[in-house]
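Chemist: here are the coordinates; sequence isn't available:
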């Protein structure tokens, strides 16, 4: 956290993401819930495997956005959804941005550029990552339900939708997921 | 989280504090770290057992302050110490206050009164709870070190001190703790 | 466990209550079940928040009884309900009393007085703590069921009832809980 | 727990031994400590592999004694060593015997015979099982220490010794263990 | 793993079986799943308690086969059922045999003899162990289902059957289990 | 596992990687060890952040190789290092390749191409991923040691080295890591 945080400092600190549980699962009693590192992995994978289908999408750029989209959690924790009721969105995003810059101090320019693109959500790549982030949530909820977790139906009350054209492959997997959940009795 | 959050809603929600790990331990790799509920228990116990020794201290009042001092974590998570670098203290306290009021909606008047007294830290009872909160941290760090955790020495670099007169019993236990840790090779 | 167990010894030893799982949950396969420290916290909270509603109840006294009601578990373990079939009740209570006195050796007079009042169950405060102890059990069972645990219905076969006048607030929450469980399909 | 506990009831109930942690490790902060089922496995293995070396030892009988030596824990919990200070030995053994008989109701005669032989400790087989039970404790303590647990040195202050002739193979492994621990810096 | 692996080396290494989760449960989201050591314990117990009923069965021999039937997992891991699709059965068995021989280097003759008998499956004892191994799987699946695990019904689609005469006691428990599961709503 | 494994099937199955612990940590008693999903995340991150420094490296290609390098573990488990003693390298790689193809059935061509490039190790991208895989292992070992794990020194006995020119950024971080570990007393 020193100003001269080296790349090694960053890498050592990022290992801790394994110990930051995704709060949404934890607070609903899911046993041994997904860590932020695991979430990140699944999002990056989705961005890659689905992004390849989207004509004109810069897949490497989208992967880079996914790579940094939740790193700040290592310093801020994974704020539960309820926290957004009490922490104004602007405040939260500013904190995330500042934490990310210091965490990746040795790559500050890159970090700033990526974070701002992701937050603004104006490029197809940024929107694609946001969509994959939501899709991963719904996939995990479905898996946890099938394993026996009982308090996750609320995620399906107002599920994400994926209107934009470039999100077609995300939408398609999401529709298949909804159908699968139905077939599993959800 | 509805406006008409009943006392039962509150009680059901508070069970979740068992699943909110104290982030300081979690981020330093302590296995199966203390939950916020466990922390709360140890603080309330300290406030009671030590507070009884302090002439003139309103022990019930101090216990009440301890009882609510970390409840908001169930909606905000246990923000790691590093988060305070990015979330201005005022913002954090305001969020905690607002979350606590909604969480204890059926006892809103009581919640507000207690939270404000605790945050202002002007009464002997409020200062006593803050001191016990710190003492509990140091006791736990010492126990975890003795069990084999390796990354906790930093807690002793700038340990709390307990200058006020009414904190004499806290100070005394703390000094015994420091000595014990020395004897254990810490 | 030495005769001259100091207050610091007591405090260090009590941290271990975090690692004593409540056996009723553990033996029914609840994942990451509540510890005795967590149970204690929820009971003390109930005693406080509900006790405030009862005219004439000495809330501080009731809290003190709650504070010590399960401390001996750190030396005896949390004996499962089935154990009472094989360990005569008198034997168990005597062991708990003796363990508590040695655990709180530096406050032996206080410990003896509180334990005896709690065990005799003749004061309104002692009965109130016993009722909150049972209520906490039913609240937790309901939460665990909603999270997906499947072997907890038996708790509702002969649930506690709370006949005494001074237990009105406990009874009220319990009735709301039973109704909530019904609404959740239990 | 019904009087007509069938063999299937017994087998279903015994699966729960996986969830009964050995209290000695749990209370010393060992993460994810051995269950009673795991302990039982290691003891049975020792009895078999070492017992084969002892001329005249009835290995099958010794295995049978090992098989039932800790089953009652599924109903009594694994009482911590400290409990023996408060529960007279006779009381504990009587409770274990009674619990075992009801647990193995469909094989009550066998259960009684084996338990009594084990408790009396008068046959070479009974003494051999007791010795292997202790040896397993020391092996596990050594492994946990090597993995990083810090609070286990006390086990070596008054370690078991194994004087009897028929315990030669136990003694031999124990001496090799002590030496190994020394070589590991313990 | 040295050529001169002593018995103590073996015993220290076998403690690790506590940390090898049975992959079938782990991959189906069962929380805190059974370890290989726990599985071994339950199989040995079944072999003993049921084997005693079978006229002419060499119970000690059957126990010995059970004792070693899954030891190699400590070096190979518990290969998931899906792995058998990609690792030819012969390769897997050869690896297990080789690992077992080196693990039990100080008892290599015994290890080879037992492993070969178990793998060939030609003696009543070997078949009995294989049957108990399957029965234990079904018992555990039933317990986990009753505790709330949701993804285990597939085990009942093509359950084991136990045709041989000497497997009568295994078959009987299995039929009782199937009935019990039905009564539990499975 | 059906021949017509859809992309949704793949994605649901990959969530299970969260439950596959890295066997090297698990078998050395590291509590709550890294999952394969977490490992994958850290490797992909390293490949990206370090690969950007290497002139001429196709970073997207390297990321793609990293993305699939350990997916087969979801069907094969994470084979411990000791397993390679008993499973010929060719057999293991063939099994991994076959499992990967079926797992990613809907993208079989891509999967085959990537896997073969990774295994052959002839392109700079393939070698870079292999180097980052090893670096991640050493970073994690260092973090776990600092948290208190005691059985990891052996990783430093024959640590990886990174001779190739294009591995300069990997080598640099590795040297800084070795120095840091020394400063931490390792």
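Modeler: Everything's here; your move. Keep in mind the model is a prediction, meaning the values are calculated, not measured.
Chemist: Quick check: the gap between the residue of chain A positioned farthest from its centre and residue B:37.
Modeler: What lies farthest from the middle of chain A is residue A:4; by Cα atoms, centre = their mean that is 27.8 Å. Applying Cβ to Cβ, to the nearest Å, the value for residue A:4 to residue B:37 is 39 Å. C-beta: built from backbone N, CA, C; applies to glycine.
Chemist: sorry, back to before: looks to me like the residue farthest from the centre of chain A is in a helix.
Modeler: No - Residue A:4: not assigned to a helix; according to DSSP: H, G, I helix; E, B strand; the rest coil it is coil.
Chemist: pretty sure it contacts residue A:108?
Modeler: No - judged on Cβ atoms under 8 Å, residue A:4 makes no contact with residue A:108 at a distance of 11.7 Å.
Chemist: pLDDT-wise, which helix or strand of chain A ranks last?
Modeler: helix A:89-103 (a mean of 94; mean pLDDT, DSSP states H and E).
Chemist: quick one, what contacts the residue of chain A found nearest chain C?
Modeler: Residue of chain A nearest chain C, by Cβ to the nearest Cβ: residue A:29 (3.1 Å). For residue A:29, the contact set (Cβ atoms under 8 Å, 6 or more residues apart in numbering or on different chains) comprises A:149, A:150, A:151, B:16, B:19, C:143, C:144, C:146, C:147, C:148.
Chemist: One more: residue A:16?
Modeler: So residue A:16 contacts A:74, B:27, B:29, F:143 (Cβ under 8 Å, 6+ apart).
Chemist: just residue A:32 next, same as before
Modeler: Going by Cβ under 8 Å, 6+ apart, the list of residues near residue A:32 reads C:31, C:32, E:31, E:32, F:19.
Chemist: What is the burial count for the last one?
Modeler: It refers to residue F:19. Per other Cβ atoms under 10 Å in any protein chain shown, the neighbour tally for residue F:19 reads 24.
Chemist: shouldn't it be in contact with residue E:26?
Modeler: Yes - counting by Cβ under 8 Å, residue E:26 is a contact partner of residue F:19 at 5.1 Å.
Chemist: Out of the contacts of residue A:32, name the two that are farthest from one another.
Modeler: C:32 and F:19 (15.0 Å; Cβ to Cβ).
Chemist: Count the residues that sit near the residue of chain A found nearest chain F.
Modeler: The nearest approach of chain A to chain F comes at residue A:41, 3.8 Å away (Cβ to the nearest Cβ). Around residue A:41 there are 29 other residues, counting by other Cβ under 10 Å.
Chemist: Pick out the residue closest to the middle of chain A.
Modeler: In chain A, the C-alpha nearest the mean C-alpha coordinate belongs to residue A:133, at 4.2 Å (Cα atoms, centre = their mean).
Chemist: OK, contacts around the closest residue to that residue other than its chain neighbours?
Modeler: Sequence neighbours aside, residue A:43 is the residue nearest to residue A:133 in space, at 5.5 Å (criterion: Cβ to Cβ, 6 or more residues apart in numbering or on different chains). By Cβ under 8 Å, 6+ apart, the contact set of residue A:43 is A:66, A:69, A:70, A:129, A:132, A:133, A:136.
Chemist: so is residue A:43 in a helix, a strand, or just coil?
Modeler: Following three-state DSSP, we place residue A:43 in the helix state.
Chemist: where's it relative to residue A:161, distance?
Modeler: Per Cβ to Cβ, residue A:43 is found 18 Å from residue A:161.
Chemist: Repeat that for residue A:61.
Modeler: For residue A:61 relative to residue A:161 (Cβ to Cβ), the value is 24 Å.
Chemist: what about residue A:146, how many neighbours?
Modeler: When neighbours are counted by other Cβ under 10 Å, residue A:146 registers 18.
Chemist: swap that for residue A:120, sorry
Modeler: Neighbour count for residue A:120, taken as other Cβ under 10 Å: 9.
Chemist: how close does it sit to chain B?
Modeler: As judged by Cβ to the nearest Cβ, to the nearest Å, residue A:120 and chain B stand 20 Å apart.
Chemist: quick one: pLDDT of that residue?
Modeler: Note for residue A:120: predicted pLDDT of 97.
Chemist: How about residue A:1?
Modeler: Confidence score, pLDDT, at residue A:1: 49.
Chemist: ditto for residue A:56
Modeler: 97.
Chemist: which residues sit in contact with it?
Modeler: Counted by Cβ under 8 Å, 6+ apart, residue A:56 has contacts A:124, A:166.
Chemist: you'd agree residue A:129 is up against residue A:62?
Modeler: Yes - contact criterion Cβ under 8 Å: residue A:129 and residue A:62 qualify, at 5.7 Å.
Chemist: shared neighbours, the two?
Modeler: Contacts common to residue A:129 and residue A:62, judged by Cβ under 8 Å, 6+ apart, are residue A:47.
Chemist: the more surrounded of the two?
Modeler: residue A:129 (28 against 25).
Chemist: and that one, what element?
Modeler: Assigned by DSSP states H and E, residue A:129 falls within helix A:124-147.
Chemist: near chain F, anything from the helix or strand just after that helix?
Modeler: Using DSSP H and E, the helix or strand that follows helix A:124-147 in sequence is helix A:168-183. Yes - judged by Cβ under 8 Å from any Cβ of the partner chain, helix A:168-183 comes into contact with chain F through A:173, A:176, A:177, A:180.
Chemist: List the buried residues in helix A:168-183.
Modeler: Going by neighbour count (16 or more other Cβ atoms under 10 Å in any protein chain shown), the buried part of helix A:168-183 is A:169, A:170, A:171, A:173, A:174, A:176, A:177, A:180, A:181.
Chemist: Quick one: the residues you listed as CSV, columns for pLDDT and distance to residue B:89 too.
Modeler: Output for the buried residues of helix A:168-183, formatted as CSV (pLDDT from 0 to 100; distance: Cβ to Cβ, whole Å):
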residue, pLDDT, distance to residue B:89
A:169, 97, 44
A:170, 97, 40
A:171, 97, 43
A:173, 97, 43
A:174, 97, 41
A:176, 97, 47
A:177, 97, 42
A:180, 97, 47
A:181, 97, 43
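Chemist: so what's the spatially closest residue to residue A:59 that is not a sequence neighbour up against?
Modeler: Leaving aside its chain neighbours, residue A:59 sits nearest to residue A:51 (4.5 Å; criterion: Cβ to Cβ, 6+ apart). Listed by Cβ under 8 Å, 6+ apart, the contact set of residue A:51 reads A:57, A:59, A:62, A:63, A:128.
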